[in-house]
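Peer 1: Kindly return the folded structure for what I paste below:
(3 chains)
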Amino acid sequence: MRYWLMKTEPTTFSVEDLAAAPRRTTGWDGVRNYQARNMLRDQMKRGDEAFLYYSSTEVPGIVATMRVVREGYPDPTAFDRKDHHYDPDSRRDDPRWFMIDVQLKRRLKRVIPLSELRAHAGRELRGMALLRPGNRLSVTPVSEQEWQFILALE
DNA sequence: GCCAACGTTGGC
DNA sequence: GCCAACGTTGGC
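Peer 2: I've put the predicted structure just below:
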């Protein structure tokens, strides 16, 4: 079993939206980056857990944990001409973009801010993908040690 | 709103 | 295959 971190902008999709969704589950569609695509398609497995992370907000940070409930499958928004994430180069018989389904496990008792994660970048969270300079990936791996350490901060 | 860090695109 | 231009991300 592996651990991940998935970014969302709360104005686009929030933990409240996820909590209100049927079975507290949502399809994580719209990812249009090859590195992230590869993780969604090939590496994220049923039962893996993921942090829900808020970006582009007053206090960026981790707000919840989620569980992977469906493994990679073609992202239909890429086929939809009217969708913001439409990609004419992705075809149904040769899909380019993939998505997974995630279920809310639980909200954290408090937001763990990015600034607090950074404060541990020199030791426990050294090498954490999220903290690497210039990181922009919307999906990043989290090691088991990082996962446990961050939950202990809670 | 600024801007650094990337990824992508396309001319050559 | 190189690289400049451009678009996007996301912290601050």
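
Peer 1: Just confirm yes or no for the one helix or strand in chain A whose mean pLDDT sits lowest near DNA strand C.
Peer 2: Lowest mean confidence among the helices and strands of chain A (mean pLDDT, DSSP states H and E): helix A:34-38, at a mean of 94. No. Helix A:34-38 is not in contact with DNA strand C by CB under 7 Å from any atom of the strand; minimum separation 9.2 Å. Heads up, the C-betas are built off the backbone N, CA and C, glycines and all.

Peer 1: how about the next helix-or-strand element following that helix: buried residues?
Peer 2: Note on helix A:34-38: by DSSP states H and E, the next helix or strand toward the C-terminus is strand A:49-54. By 16 or more other CB atoms under 10 Å, the buried positions in strand A:49-54 come out as A:49, A:50, A:51, A:52, A:53, A:54.

Peer 1: what do you get for stretch A:68-79?
Peer 2: A:68, A:69, A:71, A:72, A:74, A:75, A:76, A:77, A:78, A:79.

Peer 1: Also stretch A:133-146?
Peer 2: Buried residues in stretch A:133-146, counted by 16+ other CB under 10 Å: A:137, A:138, A:139, A:140, A:141, A:142, A:146.

Peer 1: The biggest strand by length in chain A pairs with which strands, parallel or anti?
Peer 2: Looking across chain A with DSSP state E, the single longest strand is strand A:98-113. According to DSSP bridges, strand A:98-113 forms sheet pairs with strand A:25-27 (antiparallel), strand A:61-74 (antiparallel).

Peer 1: Same list, the ones you listed, but as a markdown table with distance to residue A:90 and mean pLDDT please.
Peer 2: Output for the strands paired with strand A:98-113, formatted as a markdown table (distance: least, CB to CB, whole Å; pLDDT from 0 to 100):
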| stretch | distance to residue A:90 | mean pLDDT |
| --- | --- | --- |
| strand A:25-27 | 16 | 97 |
| strand A:61-74 | 8 | 97 |
